[in-house]
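Give the three-dimensional model of this entry:
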Amino acid sequence: MENEIKSLLCSLPGAVAAARVQKEDLPGILKEETEYEEDINLIKLVNLGIRKIALCEYVFVFLKDGTFRRPPSPTVYLVEDTDWNSDSDENPVCAGVKSGNFETEYLNIDGLCYHIVGEEVIDLNKKYREKTSSFNKEFVLFPERRRKTKRIPAYFLIPPLPFPELDSLRNAHKIGKIMSVSPSSRCDAVLREKYNLSKNPENGTILIGLET
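Next up, the predicted model:
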């Protein structure tokens, strides 16, 4: 399966290289990501995606150039924690949010529910039905949502995203979840060095995890 996945990844438009990440390397990669998060002094950052992927049986690093397709949904959100669990009868709103459904005020990731108060703009032509403000053209805030729970601290959350190009392999290899995430610049440098990938700054890395 490993060779088939690498071959498929390398055949994608915009692909530069792909390699399997060895399990013994994952603790060091997570350590780099955690240290990067701790070095940020303004608003807390949590890369939940990389933590989910580190638990997968198969993890790959994928190097892409600028022609690779855009992400299918926001790669970063500004969120508030909720006390809600999607399995709880006390949470009818978030219980109705499917995991991976990004067109909502709430984000459900494996049963954990987050209140979205800002998000990356994927479609620059998207029209929002509520009041917004912007850091820049690539990130939008929802100020009226924030005022409702202003005493709850907000932080940036990087979620796991789908990687639909591998969906064709699901049945043949009994693959369950397929997740992807962009690592931090510090993690990116470690991955390129460890797996002998191009250091061209115009290329970007994606980590992909598969559960069987």
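
Quickly find the element holding residue 113.
Element membership of residue 113 [criterion: DSSP states H and E] is strand 112-120.

Only alpha carbons, please: show that strand as PDB.
Output of strand 112-120 as PDB, limited to C-alpha atoms (Å, rounded to 0.1, in the frame of the first residue of the first chain):
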ATOM      1  CA  LEU A 112     -15.400  17.900  20.200                       C
ATOM      2  CA  CYS A 113     -17.200  21.100  19.400                       C
ATOM      3  CA  TYR A 114     -15.600  24.500  18.900                       C
ATOM      4  CA  HIS A 115     -17.400  27.800  18.400                       C
ATOM      5  CA  ILE A 116     -16.000  29.600  15.300                       C
ATOM      6  CA  VAL A 117     -15.400  33.300  15.700                       C
ATOM      7  CA  GLY A 118     -13.100  33.700  12.700                       C
ATOM      8  CA  GLU A 119     -11.800  31.700   9.800                       C
ATOM      9  CA  GLU A 120      -9.500  31.700   6.900                       C
END
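
what mean pLDDT does that strand have?
Averaged across strand 112-120, the pLDDT comes to 90.

That strand - contacts with which helices or strands?
Helices and strands touching strand 112-120, by 3 or more CB pairs under 8 Å, 6 or more residues apart in numbering; DSSP states H and E, are strand 77-85, strand 106-109, strand 139-141, helix 143-148, strand 154-158. Just so you know, the C-beta spots here come from the backbone N, C-alpha and C atoms, and that holds for glycine as well.

one more time with 6 Å, if that's ok
strand 77-85, strand 106-109 (3 or more CB pairs under 6 Å, 6 or more residues apart in numbering; DSSP states H and E).

Starting from that strand, tell me the next helix or strand along the chain.
In the C-terminal direction, the helix or strand that comes right after strand 112-120 (DSSP H and E) is strand 133-136.
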